[in-house]
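Visitor: One predicted model, sequence on top.
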Amino acid sequence: MGFTYLLSQFIDSDLLPILVSLFATITVMSYIPYLSKTPMILISTLLILSVIFLLNGSGLMKLFHGMRENVGLLAIFLFVPLISLPIKNGQYLDYMNAIFNHYVKTSKQLYTYLKISILGIGSVMNLGTIPIMYHLTETSSFIDYRDTRIRALTRGFSLSFLWSPYFISIALILTYFNVTWVELFPFGFAFALAGFILGLFTMGSISEPIKS
């Protein structure tokens, strides 16, 4: 799917988009048995509804077109982790681990620093930041703090929706209302900052020391 998707970005062909949609459908269906209960029910329901629309005359090409609209999202999760390969092979994680061990001593500090990082970098790189930061922090010191890392990544990333011009939520506001991003930024960033502070309070006083 990934190889065909890349080809379709550089080669103008009527066949390639169809193949991309076909391979994307196979990819999604092949992972259904490995999903937890809630996403399994959700994706299975969507696939069943797609088949119903197909049988009602929408046509196979309409089904493929709908799948192709989300191929970019699949490609992000497929290709972005590959960026971590040269980082790991170059032993950069060992140096990062040493830096993290020097500055991050508790689980609350890990949550705070990671949330700040994802809020800043994620506002520019969008969704691809999540797998990048996840792999970069999967060092020996933090491997036991997976839940803390995931909470920091998801909460920090969601705050970018409030102010970053690289997100569709802000683009829609700028499109449908007579405002500029400069006018919207102070309010959106203030809400994001408030959400950041509230997120720190939800961690409470829980702060486990991280063993180096």
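Guide: Right, received. Where do you want to start?

Visitor: Can you show me the helices along the protein?
Guide: For the chain, applying DSSP state H gives helices covering 2-10, 15-30, 37-53, 60-68, 71-79, 84-89, 92-103, 107-125, 129-136, 146-159, 168-176, 181-203.

Visitor: Nearest to P209, out of those?
Guide: With C-beta to C-beta as the criterion, P209 lies closest to helix 107-125 of the helices of the chain, at 8.0 Å. C-beta coordinates here come from the backbone N, C-alpha and C atoms, glycine included.

Visitor: Can you find the helix or strand in this structure with the smallest mean pLDDT?
Guide: helix 84-89 (a mean of 70; mean pLDDT, DSSP states H and E).

Visitor: Grab the nearest non-local neighbour of the residue nearest to the spatial centre of the chain.
Guide: Per C-alpha atoms, centre = their mean, the C-alpha nearest to the average position across the chain is that of L127, at 3.7 Å. Take L127 and drop its neighbours on the chain: the residue closest to it by C-beta to C-beta, 6 or more residues apart in numbering is I76, 5.6 Å away.

Visitor: who are the neighbours in contact with that neighbour?
Guide: L127, G128, P131 (C-beta atoms under 8 Å, 6 or more residues apart in numbering).

Visitor: Out of the residues you listed, which is nearest to I43?
Guide: L127 (18.3 Å).

Visitor: ok, now how distant is M61 from R68?
Guide: For M61, the distance to R68 equals 10 Å [C-beta to C-beta, to the nearest Å].
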